[in-house]
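Asks: Predicted structure and sequence below. I'll ask about it afterward.
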Amino acid sequence: MIKVFKSTVLNAPVEAVWDVLRDFNGHDAWHPAVADSVIDRGHPTDKVGCVRRFHLVDGSELREQLLTLSDADMAFSYCLLETPVPLLNYVAHVRLAPVTDGDQTFWLWESRFDTPEGRETELHDMVAENIYQSGFDAVRAHLGLEGT
């Protein structure tokens, strides 16, 4: 099983970052890899069990399901249901916490998944850099924090 663990600190209040990340269908507004996104069956974006169907900029379609969402903990979990990339049994967790030494946010994004034999390093690095690190950078830009 592959484990990806990435974290960052954003120079923004935790509530502002949570406002962006809490919308399970909002990642097309900030993540550079996501072209469009819709919640299946018109469910609310914060309903545990809802499924988002989205396209990457390369045209690939993915489906992910919201497994948990906690406003109190500023955390959510989701899993991949359909993907053209062999990230098998993929489950991810996102958690925010206030950094009390300044009005900043600690952001943890982690996942576990299986891969076909021989693709462990490639797929680990793809998730860590193309999804998570790109997401960190994109939320910084979205919130106007590029230089911080």
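Replies: Looks like it came in fine.

Asks: Any regions of this structure where pLDDT drops low?
Replies: Along the chain, segments meeting pLDDT under 70 span 146-148.

Asks: Any idea how far apart the tips of stretch 8-24 sit?
Replies: By CA to CA, to the nearest Å, the extent of stretch 8-24 from end to end equals 20 Å.

Asks: try stretch 9-18
Replies: Criterion CA to CA; first-to-last residue distance in stretch 9-18 is 13 Å.

Asks: what's that stretch in contact with?
Replies: 71, 74, 96-99, 102-107, 136, 139-140, 143, 145, 148 (CB atoms under 8 Å, 6 or more residues apart in numbering). Bear in mind the C-beta positions are built from the backbone N, C-alpha and C, glycine included.

Asks: Selecting buried members of these in ChimeraX, what would you type?
Replies: Written as a ChimeraX command, the selection of buried residues from those, which uses 16 or more other CB atoms under 10 Å, is:
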select :74,96,97,104,105,107,136,139,140,143
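
Asks: Among the contacts of stretch 9-18, which lie within helices?
Replies: Using DSSP state H, F136, V139, R140 are the members of the contacts of stretch 9-18 that sit in helices.

Asks: okay, now G144: neighbour count?
Replies: Number of residues near G144 (other CB atoms under 10 Å) recorded here: 9.

Asks: The chain should start at 19 in everything you say after this.
Replies: Noted, 19 is the first residue going forward, which turns the last one into G162.

Asks: Show me the strands in the protein, by range?
Replies: 20-28, 52-57, 69-74, 79-88, 93-100, 106-117, 122-132 (DSSP state E).

Asks: how about these, which one is nearest N148?
Replies: N148 sits nearest to strand 69-74 of all these, at 9.9 Å, using CB to CB.
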